[in-house]
Every structure is written in structure tokens, then in C-alpha cells.
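A.B. asks: Here is a sequence with its predicted model. Questions after.
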2 protein chains.
Amino acid sequence: MTPRERQKEDRRQRILTEAAALFARKGYGATTIEQIALAAQVSHVTVHNYHGTKAGVLLAIVAQSDAQLVARLETALPQGADPLTLVTAFAREIMQHADAGLGRALWRQVLAGVAAEAGSAAAAAYQRLDDALAQVLAGRLGPRNRPAAPALFDLINARFHRFVASDSATADDAAAALRRDLAALLALRDPSPPSPPRLARRRALRRLRHLRHRRRQPDPLRPPR
Amino acid sequence: MTPRERQKEDRRQRILTEAAALFARKGYGATTIEQIALAAQVSHVTVHNYHGTKAGVLLAIVAQSDAQLVARLETALPQGADPLTLVTAFAREIMQHADAGLGRALWRQVLAGVAAEAGSAAAAAYQRLDDALAQVLAGRLGPRNRPAAPALFDLINARFHRFVASDSATADDAAAALRRDLAALLALRDPSPPSPPRLARRRALRRLRHLRHRRRQPDPLRPPR
DNA sequence: CAAAATTTTTTATTCAATAAAAACTTTTTC
DNA sequence: GAAAAAGTTTTTATTGAATAAAAAATTTTG
């Protein structure tokens, strides 16, 4: 690594470290690029050259801190759990991570930045992290359930957005709501009335039903014992 | 309505109309509040007084134009369709609406504004519209499937976000992806291996399976004929 | 009609963002 | 190793969003 590359890396790191400290201490709106530049001992133009916008600085911070989240999830997530338990555990982790790390006010700015600067390098990096998170989830679902991982992640993400948008919601509330959503989704049925079963089939069905103690259709996803 | 109220309403409407025209013609970034103010014959401070921020102006425009979308969906959506068809039709409608109306670039700013200004009056108004849309969906699902409406709407919304974030994605692609997601979700199964069935039950199961022509578990949601 | 209340405009300031030129540092080349 | 070249940061300047406070204008009320 040449001295030039090293300097560049140093500056980059200084900017991110100082910005993170300032954002955490004074909030996003109240810290200025100038203050970040001053703390990092560069000019404000350099901050812009490195990260484009103030939101870009924040996205870069998230990209760093969230490599950790991926690692954490790898270990913290239950291994053989049913999908519902897995998904709610996953959701809880990322929400607690949001509160413990940047906090919701900053996360609102992150989500805004991702939406506003779709296509930018910073947004692309965030997207990769999101994909990595979805991969972790996919890895924990069995091969049979893996195809559902993207949709499950979308549901988690929707709840995460709501969680971040509010200041009062708790991670537990959000997880419970997610569980309800998912249960309702899995209970979906075609509204057209089933064609009346033929006689032989009806007999077999009746017998089976009896053996099942009247339980018609066991939920594909049961809440954990 | 007093003259004062009427004037206020007039000004408000002028600002929104002129802003919409400017945004459409020159894009969000290239139109300034000053230009909007000039066209609406008010000062830039008045624009701020009415709508807070530039994103606030845009959100107000969306709130107006999207009352129409709700009405349109009420008529355009199939009535007795199965959930999967309904959901994809719904998704297609809102994406086409986005393209036909503001366009994706502006929608990116809308989504960013909602995230950044969570809690503001403008964001709350947007949220109500979102809720109204979800209500339309709920109305079309039978009473049996209605509890799944929020989750289905979340899935649609996630796809809408992706759609808006990209400039190349088509509404059809997005709808197809949504259909796949949903199908995968509904095929979810508990990963724990089923306890070996008792003998009597096994016999009944075998017979039933035979009568079903080897189809184990019919999809609760079938694609439309 | 005059006083009071409300609203808009004027004026001024801070900060994000960007551009262009100048200054500085490292690397390359001879 | 010195001079030229390349790359990077800083200085300087400008535009535009956002906000605050005072001044001006308009409407309502007594």
C-alpha cells in the first residue's frame, strides 16, 4: 500500500469516525459538514469529495457498522427453528441493533438517503448489505423453505421501516405484529368454494379427519412450543 | 367560507399546481422553491410556511393525485379473484400509476421524504393514503382472507419500492416477481420432520394420497385459469 | 372607521452542495 | 536526485434550502 493510498484510507476513516461521533452526540440535523471536516482535519470539500452528500457519509457509516450485524446474526440466530420463530428472532435482532447502534432518528435518515440516492455507490453498498442479511435468513431456512426468504425479508423490512418511523414502538411489539402478519398470510385460502369431493375420496377424508381428532388443516407454521 | 380562507385555499392550490408542473417539466432537483414561488405569485417564505420543505410540497401533490388512485383501484380491481391474482393486479396498477403520474424519479423523492420526515403532517397524510390503499385490498379479499391484507400490502409495497428505485424494471417483471414471492411464501412448511404417523393414520393417508393422484398438498393459492 | 388579529413579504443568516482555480504532495521519468 | 507529471486537497465563490425576525399588508372585529 503506497503512502498515498494509506493517507486516503486514513482520511476516510477519520471522517467516518468523527462523523459517527458527532451524529451520535448532536443528531444528524445539528451536525454540519463543516464540523465533521474540522474534527477530521480536512476541508468540507474533501468530505464531499469522499462521500458526496451528508447522507452519503451516514450511509458509509452504516455500511461499516453493519458488517458486524451480519456476523452477529450468523451466531445469534437459532439453527433448526421453524420459519415463524426464525423470522421473528431475525426481526428482533435488527431492531435491537438499530436502537443500540445509530438510533431510530439516524435510521430514518438512512432510509431516506437510500431512497433519494438510489443508484449511487452508497445506496448500492447498502443494498449489498441488505442482500447479505437476506442471505443469512435464507441460510437458516431449510432448502425446502429457502425460496420464501426474499418475501420473508421484505416482510421483516416493512416492519423495520415502521419501527424506525416511530419513536414509541418496541421491538417486541413489532415482532408480535410480524408474527400475526405471517400467520394470516399462511392461512390464505382460495376464495372459490372447493368442488365437492367424490364419494371414495370423501370417505378417506372423513376417516383421516377422525384420526386427526377433527383438526382439519394443521397450520404449516406452528408457534414454537 | 370567508375571503381569507378562500385566498388561503387559492394560494395553496396555485403552489401545488405550479410545483407539479415544474417538477414534471424540469425534475425535482432542478426546480427551486423560488421558481415555484414565482409561478404561484407568492414569496418563497410562503411556500415554506405552507409546506415546510420542498419534499413537503411534493408530498402534498402526491396526497392530492392519489385520492384518484384509490378511486381507480376500486373500479379496476377484479372482484372475485383469488388472492394471488388480486395482489398482482393491485401491484401492477400502482406501478403503472407511478409511471403515468409523477414518474419514478419523483417517486424516489416521495419515498425519501416520507422516511426523512416521519411524523410530519405531510408524512401522516401519505400514511393515511397508504392505509386507504391497504383498505381497498382488504375489501377485495374475502372475509376469510382479510387478515392477510396488511402483509400482502407490505409485500406489494416492497416491490413498489424496488420498482421505483430502478429505472429499467417493468411493472410486469415486478408483478411476476411478486407472484413468485407469494407462491414461495405460501409453500412454507415447518422444517421439523413429521413424527412417523401411526399405522391406522398412515393407511388413511395412503388411500387419500392415491385418490389425489399423488398430489400431496394442493397449493392454497392457484394461479388463475 | 379604527383597533386588533392574521398573513405575507422583506431582510438576513446558516448550511448543503457544487464548480473552478490555486496550492500542495506524491510518483514518475530522465 | 531534480524536474515534470499526475493526483489530491484546499481555497474561493456561487446557488439554493431552510429558518428567524421584523416590517408591511390585509382582513376581521368592535
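C.D. replies: Looks like it arrived, so ask away. Numbers count the residues shown, from 1 in each chain, chains lettered A, B, ... in the order given.

A.B. asks: From here on, just use CA atoms for contacts and neighbour counts.
C.D. replies: OK.

A.B. asks: Let me see the backbone angles for residue A:168.
C.D. replies: Main-chain dihedrals, residue A:168, degrees, to the nearest 10: phi -100, psi -30.

A.B. asks: That one - how many residues pack around it?
C.D. replies: The number of residues packed near residue A:168 is 8, by other C-alpha atoms under 10 Å in any protein chain shown.

A.B. asks: For residue A:54, see how far away the residue in chain A positioned nearest to DNA strand C is.
C.D. replies: Closest to DNA strand C within chain A is residue A:32: 3.0 Å, counting by C-alpha to the nearest atom of the strand. Using C-alpha to C-alpha, to the nearest Å, one gets 8 Å for the distance from residue A:32 to residue A:54.

A.B. asks: Neighbour count for the two, which is higher?
C.D. replies: residue A:54 (20 against 17).

A.B. asks: Quick check, pLDDT for the residue nearest the centre of chain A.
C.D. replies: Chain A has residue A:157 as the residue nearest its centroid, 5.0 Å off, counting by C-alpha atoms, centre = their mean. pLDDT recorded at residue A:157 is 98.

A.B. asks: could you dump the helix or strand hosting it to PDB, C-alpha only?
C.D. replies: Using DSSP states H and E, residue A:157 sits in helix A:149-165. The C-alpha coordinates for helix A:149-165 follow below in PDB (Å, rounded to 0.1, in the frame of the first residue of the first chain):
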ATOM      1  CA  ALA A 149     -36.500 -16.000   2.000                       C
ATOM      2  CA  PRO A 150     -36.900 -12.800  -0.200                       C
ATOM      3  CA  ALA A 151     -40.500 -12.400   0.700                       C
ATOM      4  CA  LEU A 152     -39.900 -13.000   4.400                       C
ATOM      5  CA  PHE A 153     -37.100 -10.500   4.300                       C
ATOM      6  CA  ASP A 154     -39.500  -8.000   2.700                       C
ATOM      7  CA  LEU A 155     -42.000  -8.500   5.500                       C
ATOM      8  CA  ILE A 156     -39.300  -8.000   8.100                       C
ATOM      9  CA  ASN A 157     -38.100  -4.900   6.300                       C
ATOM     10  CA  ALA A 158     -41.600  -3.400   6.200                       C
ATOM     11  CA  ARG A 159     -41.800  -3.900   9.900                       C
ATOM     12  CA  PHE A 160     -38.400  -2.400  10.300                       C
ATOM     13  CA  HIS A 161     -39.400   0.700   8.400                       C
ATOM     14  CA  ARG A 162     -42.400   1.200  10.600                       C
ATOM     15  CA  PHE A 163     -40.300   0.600  13.700                       C
ATOM     16  CA  VAL A 164     -37.800   3.200  12.700                       C
ATOM     17  CA  ALA A 165     -40.500   5.700  11.700                       C
END
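
A.B. asks: That helix close to chain B?
C.D. replies: Yes. Contact of helix A:149-165 with chain B (C-alpha under 8 Å from any C-alpha of the partner chain) involves A:150-152, A:154-155, A:158, A:165.

A.B. asks: Turn those into CSV, including neighbour count.
C.D. replies: Shown next, in CSV, are the residues of helix A:149-165 next to chain B (neighbours: other C-alpha atoms under 10 Å in any protein chain shown):
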residue, neighbour count
A:150, 21
A:151, 23
A:152, 25
A:154, 20
A:155, 25
A:158, 18
A:165, 21
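
A.B. asks: mind listing what's buried in the helix or strand hosting residue A:9?
C.D. replies: Assigned by DSSP H and E, residue A:9 belongs to helix A:3-26. Residues A:11-12, A:14-20, A:22-24 are the ones in helix A:3-26 that count as buried (16 or more other C-alpha atoms under 10 Å in any protein chain shown).

A.B. asks: residues of the next helix or strand after that helix that come out buried?
C.D. replies: Downstream of helix A:3-26, the next assigned helix or strand under DSSP H and E is helix A:33-40. Residues A:33, A:35-37, A:39-40 are the ones in helix A:33-40 that count as buried (16+ other C-alpha under 10 Å).

A.B. asks: quick one: residue A:182 and residue A:84 touch, right?
C.D. replies: Yes. Look at residue A:182 against residue A:84 with C-alpha atoms under 8 Å: they come within range, at 7.5 Å.

A.B. asks: Neighbour count for those two, which is higher?
C.D. replies: Shown here are residue A:182 and residue A:84; by other C-alpha under 10 Å, residue A:182 has more neighbours (26 against 22).

A.B. asks: Could you pull up the residues touching the residue nearest to the more buried one when sequence neighbours are not counted?
C.D. replies: Computed as C-alpha to C-alpha, 6 or more residues apart in numbering or on different chains, the closest residue to residue A:182 that is not its neighbour in sequence is residue B:151, at 7.0 Å. Listed by C-alpha atoms under 8 Å, 6 or more residues apart in numbering or on different chains, the contact set of residue B:151 reads A:155, A:181-182, A:184-185.

A.B. asks: I'd like these as TSV, with secondary structure and distance to residue B:97 appended.
C.D. replies: Formatted as TSV, the contacts of residue B:151 follow (DSSP: H, G, I helix; E, B strand; the rest coil; distance: C-alpha to C-alpha, whole Å):
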residue	secondary structure	distance to residue B:97
A:155	helix	23
A:181	helix	27
A:182	helix	28
A:184	helix	28
A:185	helix	26
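
A.B. asks: all helices for chain A, in order.
C.D. replies: A:3-26, A:33-40, A:44-51, A:54-76, A:83-100, A:104-116, A:121-140, A:149-165, A:171-186, A:199-211 (DSSP state H).
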